[in-house]
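Engineer: Generate a structure from the sequence data that follows.
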Amino acid sequence: MLNQRDFSGKIYLMPGMGAKSDIFNGLRFPKDLEIHPMEWLLPEAEEDFLHYAARLVDKFRVEPDSVLVGMSLGGVMVSEIGKLMPVYMPVFISTVKSHKELSPRYRMARVMHLWNFLPYGLIARPERLKPYVILKTVKKRIRLYERYMGIHDRAYFKWAIKNFLLWKHDLPDGPYLHIHGTRDYIFPYSYLKGEIIPVEGAAHLAVMTHPFAINRILREHLFSQL
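Structural biologist: As a prediction, the model looks like this:
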């Protein structure tokens, strides 16, 4: 079900944590729509997600009644922007709509204040692991991170992980589209709530590994009704 408000004709794309908007390059959009990629900014001191979302709105001139597409942590930002203005349709890809969809390990990480103990040097620069990696699948994943990582700032990653683990947000009460890989190990499919459209066999990076499936879902469930 789509929103009853008038659509602005604009689509904004918010990538996952620290990533460039290039991760959406495999997606195809109708030519009559305006596509606006968004990028991560460096956080201000002690900034919460809502204040950060307001800066994104200002920086990228996000207009009300637009379609907002968020992948992974970008989906959290889409939810936060929705607190600031009416969104025509939030599109969640490989993400969660609420803290209630997180698996128990995230709740444990919050209680343990895990953000104080993570190796942010490696998180910000995963290519440092390459000399020690044997498995081809892991090497391939590191190459993907090298190619698509847009931020390499340690403070950014600590800010992002801390605020995500502390994030509280109810499930959306309006229309939305949630696309999710059935083999997503970051946000397991089995913990999600509400209506989910599965991408069979896809993991967390479904937007890059399964673009044809996601494009089909977007055509059938969003673009055909705009």
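
Engineer: Could you use CA atoms for every contact and neighbour count after this?
Structural biologist: Fine.

Engineer: What pLDDT is listed against the residue nearest to residue 125 when sequence neighbours are not counted?
Structural biologist: Closest residue to residue 125 apart from its sequence neighbours, by Cα to Cα, 6 or more residues apart in numbering: residue 152 at 6.4 Å. At residue 152, the pLDDT value in this model is 89.

Engineer: Least confident secondary structure element in the chain?
Structural biologist: Across the helices and strands of the chain, mean confidence by mean pLDDT, DSSP states H and E is lowest for helix 136-148: a mean of 72.

Engineer: Please identify the buried residues of the next helix or strand after it?
Structural biologist: Remark: after helix 136-148, the chain's next helix or strand is helix 154-166, criterion DSSP states H and E. By 16 or more other Cα atoms under 10 Å, the buried positions in helix 154-166 come out as 154, 156, 157, 158, 159, 160, 161, 162, 163, 164, 165.

Engineer: which one among those residues gets closest to residue 220?
Structural biologist: Among the buried residues of helix 154-166, residue 164 lies closest to residue 220 (Cα to Cα), at 31.3 Å.

Engineer: got the contact list for the closest one?
Structural biologist: Applying Cα atoms under 8 Å, 6 or more residues apart in numbering, we find residue 164 in contact with residue 73.

Engineer: My read is that residue 22 contacts residue 148, right?
Structural biologist: Yes - with contact defined as Cα atoms under 8 Å, residue 22 reaches residue 148; the gap is 6.7 Å.

Engineer: Could you grab the helix/strand/coil label for residue 96?
Structural biologist: Residue 96 falls in the coil class when you classify it by DSSP: H, G, I helix; E, B strand; the rest coil.

Engineer: what sits against it?
Structural biologist: So residue 96 contacts 72, 75, 76, 102, 187, 192 (Cα under 8 Å, 6+ apart).
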